[in-house]
Each structure stands twice: as structure tokens, then as C-alpha cells.
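*Asks:* What shape does this take:
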Amino acid sequence: MDQPVLNRSLIAAGGIDAMVARDAPDMRILSEAERAASLRATLDARPPGDVWLFGYGSLIWNPTIEAIERRTARIEGWHRAFCLSASVGRGSPENPGLVLGLDEGGDCTGVAFRIAEEVVEPELTLLWRREMLSAAYEPQWLDLLDGRGVQFARGIAFTIDRGTQHYAGGLAEEDVVRRLATACGALGSAAEYLFHTCEGLRAHGIPDPVLELLEHRVHAAQGRGDARNIVSSVETEHPRSGRLCRSK
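*Replies:* Next up, the predicted model:
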């Protein structure tokens, strides 16, 4: 059976919530009312100027939003890390995967998206359905810096809530590699998520030595050789949906 694709139609139709209900029924997700309240609080704190969104992980290679401009940006005080446990989507309750969050400390370079004023609310409503599945992320307005370190805007960034039960920061490196190399969910494997993120960063000329090392080690753990020259795929079966997860 083909994997569902995380796209605008799936998100708008409530497909992510349906996946959780099927694959992780014990997981508490935010209600539509709670997401709407979170979005309203974020917009109430909106700074002057255009609305920008900071992407640091899957938003780089699969934004699912309509943007009228995108540019490389850096934020300070937060770094990209596999610190969010995923028991659905890119993992299962039996074998949780990991996805990226912004954890405290350091800095992070990613891609900033500018959203047209007339579609800010509908686009962010769709985004909240994707990113605010649970209360694991805390949306914040952060300074966006250009290549010279000059602030050009403030943008929404989804930072990790260290108090959430899904926080997985501080794992030993071998545990991170194992979870990325073996976890599989209805949207695909955790390894595929990692590989696509590395490819997206390279496409934008953004180096990330930490993720590149993880990419190499996950490939090695899967017995697939060098991370830059992979043409085969690995297939594993998701334990609940029966879908095959392909890491390309």
C-alpha cells in the first residue's frame, strides 16, 4: 500500500489527526479549539511588518505553505536537534522515531518564508494543523538574520518545549542513530526524514556538520555505504498500518 503524502490536501482534511487516532490512540493531541487559541495568541504578539516563517527541518523540503518569498536566515539562541520523539508519522509506539526541533542554545541557519498578507490566517491555520499536533512545540517570534548578521525581520519558529513528555533531548548518539535508522511510521521512515533534510540544506547551500555526520552514520547502520552515493532503497513494514516505509 502506498504511503500517504504529507501535503496541503491531507492536512486540510484532518489526515494527520486520523493517523494519530489509528496508530497512536493513547497520544493526546490538541483540539481544533486549542490550536486556534494558540494561533490567535501568536498573531496577537505579531511584530510590525510581514509575516515570516522560519523553517529548519521538513519545512525546508516540504513547506506545504504558499510563500511569496524565501531566503536563507539564521537565528540565535536555538539550534536544530533531533529532540522530539515521534510515535506516529515517522515512528510507532513500539519503535518511536525522532524528528527535529529547535532546542535551546547555539544558533541555526535555515530558510525563511514570507507569507502574503491576504492569506496569513488561512496559511497559518493549515500550518498549525501540521506542526501543533500536540503541545510539544512552542511557536515564538524570533529575530531573522541575514548572511551579514543583520536582522531583516522577525519570524515564527517552532521551538521545543522541554517540559513535554515527547522531548528527547540528551539521548546518547548511538540511541539517536538507532532510532533514525530503524523507526518507521505512516509517513515514512525517520531515516528518510533525515536524508531529505540533509538534501534540502545542501540545496540551499547551508552546511550542518552535525546532521551530515548523522546522515553518514545512519547510512552505515543500514549497511548502505557512503551517504552521498545511495541509489537503492530500504523497505520496512509499519507495524500498525502495514504500509511499507522506503528510505531513499
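*Asks:* Quick one: the strands in this structure, in order.
*Replies:* Under the criterion DSSP state E, the chain contains strands at 51-55, 69-86, 97-115, 137-145, 151-160, 184-185, 188-189, 234-237, 244-247.
*Asks:* what ranges do the helices span in the protein?
*Replies:* 8-12, 15-23, 32-44, 58-61, 120-131, 173-182, 190-203, 209-221 (DSSP state H).
*Asks:* so where is this protein shaky, pLDDT-wise?
*Replies:* Applying pLDDT under 70 to the chain flags residues 1-3, 224-248.
*Asks:* do that again at 50, thanks
*Replies:* Within the chain, the ranges that satisfy pLDDT under 50 run 1, 225-236, 239, 241, 247-248.
*Asks:* returning to that earlier point: and N95, which of the helices of the chain is closest to it?
*Replies:* helix 173-182 (6.2 Å; Cβ to Cβ). Where C-beta positions appear, they are placed from N, C-alpha and C, glycine not excepted.
*Asks:* Pull the residues that contact the closest one.
*Replies:* Here helix 173-182 makes contact (Cβ atoms under 8 Å, 6 or more residues apart in numbering) with 82, 91, 95-98, 171, 190-191, 193-194, 214, 217-218, 221-222, 236.
*Asks:* quick one: that helix to helix 190-203, angle?
*Replies:* Per axes from the mean of the first three to the mean of the last three Cα atoms, to 10 degrees, the angle that helix 173-182 makes with helix 190-203 is 100 degrees.
*Asks:* and helix 173-182, how far from the chain's centre?
*Replies:* 17 Å (Cα atoms, centre = their mean, to the nearest Å).
*Asks:* try stretch 7-20
*Replies:* Distance of stretch 7-20 from the chain centroid (Cα atoms, centre = their mean) equals 15 Å.
*Asks:* buried ones in that stretch?
*Replies:* 10-11, 15-17, 19-20 (16 or more other Cβ atoms under 10 Å).
*Asks:* same question, stretch 119-131
*Replies:* 123-124, 126-131.
*Asks:* L53 contacts L59, correct?
*Replies:* Yes: contact status for L53 versus L59: in contact at 7.2 Å, counting by Cβ atoms under 8 Å.
*Asks:* any idea which of the buried residues of stretch 7-20 is closest to R35?
*Replies:* Nearest to R35 among the buried residues of stretch 7-20, counting by Cβ to Cβ, is D17 at 10.3 Å.
*Asks:* what sits against V210?
*Replies:* Contacts of V210 by Cβ under 8 Å, 6+ apart are R80.
*Asks:* Would you mind measuring from it to E199?
*Replies:* For V210, the distance to E199 equals 16 Å [Cβ to Cβ, to the nearest Å].
*Asks:* How many residues are close by T197?
*Replies:* Neighbour count for T197, taken as other Cβ atoms under 10 Å: 25.
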